[in-house]
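Colleague: compute the structure for the input listed below.
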Amino acid sequence: MFQLTPTVRNLLIANVVVFFAAMQLNPLAFLALYPIGSPLFQPWQFLTYMFMHANLGHIFSNMLGLVVFGPMLEQRWGAKRFLTYWLICGLGAGILYNGLRTYEVRQMRQDIEAFRADPTDVNLMDFVDHNASDYRDQYAAVVRQLHATPDDQGLIRSALESMDYVYQRSINGPMVGASGALFGLMLAFAFYFPNTPLIIFPLPFPIKAKYLVVLYGLYELYTGVHQAPGDNVAHFAHLGGLLVGLIVLLFWQRNRTRMY
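Modeller: This next block holds a predicted model:
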């Protein structure tokens with residue numbers, strides 16, 4: 001049986017309550033984190049997004065990680081420092097990922113305006129390569145047709161409408177979940193208990209915590225850079241949680257060393 005510490009238990013309850021409330025009350029969608037520049041963005045979303053989850057599998061995996069890694073850290077730190085660390089990692093992951101998404105959205109807008117100013121097949125293909133590579137096959141016929149009939153205003157309008165649809169879907173696509181905070185927690189666990197063996201599905205053998213975090217971080221970096229079509233996981237938010245967690249741990253460790 002897991003020995004739930006008070007803060008871990010309260011975080012678990014809060015996440016579960018918000019998850020089921022969001023299923024019943026669509027207005028709770030404003031708690032998710034939208035890119036800066038989206039009409040749906042609000043500053044408080046950097047905090048509230050980490051209590052939202054997309055589905056049962058999403059919340060189950062995050063809360064399982066909280067229950068596995070959290071109690072030993074709360075016992076070591078105490079409730080106040082544990083909660084502070086969890087929130088800082090979640091906030092940091094959200095800020096870093098949102099900054100990246102905001103940059104991507106701005107670049108997308110620039111590609112659209114470049115096509116609007118000069119509606120050529122080359123500029124359309126640039127938009128697809130930079131922002132909609134998943135739809136390369138669908139756009140290929142339009143690119144060929146635009147190359148053959150570059151003055152077709154109907155085709156140009158249709159392409160602009162399609163590009164704007166991709167833009168609107170991107171800028172209004174939110175991020176949810178406590179994964180950034182959880183990855184920070186995993187890092188802290190490996191930092192303080194590096195040789196603790198862990199059983200992680202689907203591995204058939206235990207792996208030490210320090211190796212798990214390194215392998216997981218490398219996996220997230222690879223899948224973030226080489227994101228597969230249809231992959232909607234915020235890999236760079238996970239990496240953000242690891243990075244912010246490492247910075248906080250090193251800062252605390254440095255201050256502790258100075259006390260001696």
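
Colleague: where does this protein have low pLDDT?
Modeller: Residue ranges of the chain with pLDDT under 70: 1-2, 26-28, 201-203, 226-232, 257-260.

Colleague: repeat that for 50
Modeller: For the chain, applying pLDDT under 50 flags the ranges 1, 258-260.

Colleague: okay, now the domains of it?
Modeller: 6-101+176-258, 107-171 (automatic domain parsing).

Colleague: give the next helix or strand downstream of the helix or strand hosting Leu83.
Modeller: Element membership for Leu83 (DSSP states H and E) is helix 79-117. For helix 79-117, the following helix or strand on the C-terminal side (DSSP H and E) is helix 121-131.

Colleague: that next one: which residues count as buried?
Modeller: Buried residues in helix 121-131, counted by 16 or more other CB atoms under 10 Å: Asp121, Asn123, Leu124, Met125, Phe127, Val128, Asn131. In short, each C-beta sits where N, CA and C put it, glycine included.

Colleague: just stretch 139-155 next, same as before
Modeller: The neighbour-count check on stretch 139-155 (16+ other CB under 10 Å) flags Tyr139, Val142, Val143, Leu146, Leu155 as buried.

Colleague: got the contact list for the spatially closest residue to the first one that is not a sequence neighbour?
Modeller: Setting aside the residues directly before and after it, Tyr139 is nearest to Val128 in space (CB to CB, 6 or more residues apart in numbering), at 4.7 Å. Taking CB atoms under 8 Å, 6 or more residues apart in numbering as the definition of contact, the neighbours of Val128 are Tyr135, Arg136, Tyr139, Val143.

Colleague: residue contacts, the residue nearest the centre of the chain?
Modeller: The residue lying closest to the centre of the chain (CA atoms, centre = their mean) is Ala234, at 2.9 Å. Applying CB under 8 Å, 6+ apart to Ala234 gives the contacts Tyr97, Met175, Gly177, Ser179, Gly180.

Colleague: isn't the last one up against Gly245?
Modeller: I take that to be Gly180. No - the criterion here is CB atoms under 8 Å, and Gly180 misses it with Gly245 at 9.1 Å.

Colleague: what count of nearby residues applies to Leu187?
Modeller: Residues near Leu187, counting by other CB atoms under 10 Å, number 26.

Colleague: could you verify that it is part of a helix?
Modeller: Yes - under DSSP: H, G, I helix; E, B strand; the rest coil, Leu187 sits within a helix.

Colleague: could you check the angle the helix or strand harbouring Leu160 makes with helix 121-131?
Modeller: For Leu160, the element it lies in under DSSP H and E is helix 153-171. Between the axes of helix 153-171 and helix 121-131, defined by axes from the mean of the first three to the mean of the last three CA atoms, to 10 degrees, the angle is 10 degrees.

Colleague: so helix 153-171 versus helix 79-117, what angle?
Modeller: 170 degrees.

Colleague: for helix 153-171, packing partners?
Modeller: Identification of packing neighbours for helix 153-171 by 3 or more CB pairs under 8 Å, 6 or more residues apart in numbering; DSSP states H and E yields helix 79-117, helix 121-131, helix 136-148.
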